[in-house]
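S.K.: Have a look; sequence and predicted model below, questions after that.
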Amino acid sequence: MATLEIKDLHVEIEGKEILKGVDLTINTNEIHAIMGPNGTGKSTLAQAIMGHPKYVVTSGTITLDGEDVLEMEVDERARAGIFLGMQYPSEITGVTNADFLRSAINAKREEGDEISLMKFIRELDSKMEILEMDEDMATRYLNEGFSGGEKKRNEILQLTMLKPKFAVLDEIDSGLDIDALKIVSKGINEMRGEDFGCLIITHYQRLLDYITPDTVHVMMQGKVVKSGGAELAHKLEEQGYDWIKEELGIEDETVGLEV
Ligand SMILES: Nc1ncnc2c1ncn2[C@@H]1O[C@H](COP(=O)(O)OP(=O)(O)O)[C@@H](O)[C@H]1O
Ligand SMILES: [Mg+2]
């Protein structure tokens, strides 16, 4: 079992404090969901875990099995087994999807122990089949001209090929039609198991109809203010967030626009 532990995390963007003390512990074999209104810092948390330079950690800790993640460069975090699936994956011209995946897999392996081409292709074929992806997706340039749904599916392809210990999936469901949503969920559910932990950031209960989380957290104003079981997501879907504010005595505050 592995553990990703976030303690009292404070994060600033351009001098403004966005995360104000986030505590969160995720073990492998667990799927956690974070929900919350726009602009409360959900994506900021994802970026801070992955080490985006714009998101400055001012205090608190992130550890992976006791190892200081904040000390690691972005690529070291990936090699340590952390994966970030993003709302808007970037396009990389000149690098095919398959080449990208193969280098990413090999970057995690020791020198001299690279994955064989045959094994790679076999695995790629089988995962693409599960995700119902067109064959030509492998040879196209990474994300270039991919539709929104194709990008999301491709993120899940990366996930299933790279097999990280922990995945942070930031609104992986936004803009997906129902069929794509089911396929993406199938890919994530395939990963479930003793060696995999996942943090799903989502606005909607919808995705959680297909992936039942073990724990649901609510984030408001830069903190995790409430945690519960899968039923919490249903309650949020039905009743919104006001009852939590009332319950916890949180004052309304103008929240920034989502970027
Ligand atoms: N790159 C950025 N530059 C400046 N402000 C940002 C940036 N990213 C996020 N913010 C601000 O941080 C706050 C939290 O944003 P975000 O983490 O994206 O929220 P969420 O994902 O919960 O909607 C918002 O007020 C947003 O405007
Ligand atoms: Mg966001």
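M.R.: Arrived safely. Ligands and ions are numbered 1, 2, ... in the order given.

S.K.: Residue 202 against residue 171, yeah?
M.R.: Yes - here residue 202 reaches residue 171: they are 6.2 Å apart, a contact under C-beta atoms under 8 Å. Every C-beta, even on glycine, is put in place using the N, C-alpha and C of the backbone.

S.K.: where do the strands sit along this structure?
M.R.: 3-13, 16-27, 31-35, 55-64, 67-68, 82-85, 92-96, 141-142, 166-170, 197-201, 215-220, 223-228 (DSSP state E).

S.K.: right, is the second one up against ligand 2?
M.R.: No - on the criterion C-beta under 5 Å from the ion, strand 16-27 is out of touch with ligand 2, staying 11.1 Å away.

S.K.: Direction included, what does that strand pair up with?
M.R.: Paired neighbours of strand 16-27 in the sheet (DSSP bridges): strand 3-13 (antiparallel).

S.K.: Then the third one?
M.R.: Strand 31-35 has its sheet partners listed here by DSSP bridges as strand 197-201 (parallel), strand 215-220 (parallel).

S.K.: try the fifth one
M.R.: When pairs are called by DSSP bridges, strand 67-68 turns out to pair with strand 55-64 (antiparallel).

S.K.: buried sites along the partner strand?
M.R.: Under the neighbour-count criterion of 16 or more other C-beta atoms under 10 Å, strand 55-64 has 55, 57, 60, 62, 63, 64 buried.

S.K.: OK, now which residue of the stretch 1-150 of the chain is nearest to ligand 2?
M.R.: Using C-beta to the ion, the closest approach of the stretch 1-150 of the chain to ligand 2 is made by residue 43 at 3.2 Å.

S.K.: ok, that residue to residue 243 distance?
M.R.: According to C-beta to C-beta, to the nearest Å, residue 43 and residue 243 sit 24 Å apart.

S.K.: Output the contacting helices and strands for the lowest-mean-pLDDT helix or strand in the chain.
M.R.: One helix or strand of the chain scores below all others by mean pLDDT, DSSP states H and E: strand 92-96, with a mean of 82. Packing contacts for strand 92-96, counted by 3 or more C-beta pairs under 8 Å, 6 or more residues apart in numbering; DSSP states H and E, involve strand 141-142.

S.K.: ok, back up a step: out of residue 43 and residue 243, which sits in the more crowded spot?
M.R.: residue 43 (21 against 11; other C-beta atoms under 10 Å).

S.K.: which one is the more buried one nearest to, not counting chain neighbours?
M.R.: residue 170 (5.5 Å; C-beta to C-beta, 6 or more residues apart in numbering).

S.K.: Return the set of residues that bridge with the one you found.
M.R.: Bridge pairing for residue 170 - DSSP bridges - gives residue 201.

S.K.: residue contacts, it?
M.R.: Going by C-beta atoms under 8 Å, 6 or more residues apart in numbering, residue 170 touches 42, 43, 46, 84, 85, 86, 87, 201.

S.K.: ditto for residue 140
M.R.: Going by C-beta under 8 Å, 6+ apart, residue 140 touches 96, 97, 146.

S.K.: So which of these wins on neighbours?
M.R.: For those, neighbours tallied by other C-beta under 10 Å; top is residue 97, 24 neighbours.

S.K.: wait, what's in contact with residue 230?
M.R.: Residue 230 neighbours (C-beta under 8 Å, 6+ apart): 208, 212, 213, 214, 216.

S.K.: let's see 7 Å
M.R.: By C-beta atoms under 7 Å, 6 or more residues apart in numbering, residue 230 lies in contact with 208, 212, 213, 216.

S.K.: May I ask which of those residues has the most neighbours?
M.R.: In the contacts of residue 230, the most neighbours by other C-beta under 10 Å go to residue 216, 25 neighbours.

S.K.: The contacts of residue 170 also near ligand 1: which ones?
M.R.: When contact is defined as C-beta under 6 Å from any ligand atom, the contacts of residue 170 meet ligand 1 at 42, 43.

S.K.: Please tabulate the contacts of residue 170 in JSON lines and include pLDDT as additional columns.
M.R.: Formatted as JSON lines, these follow (pLDDT from 0 to 100):
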{"residue": "42", "pLDDT": "96"}
{"residue": "43", "pLDDT": "95"}
{"residue": "46", "pLDDT": "95"}
{"residue": "84", "pLDDT": "88"}
{"residue": "85", "pLDDT": "81"}
{"residue": "86", "pLDDT": "71"}
{"residue": "87", "pLDDT": "62"}
{"residue": "201", "pLDDT": "95"}
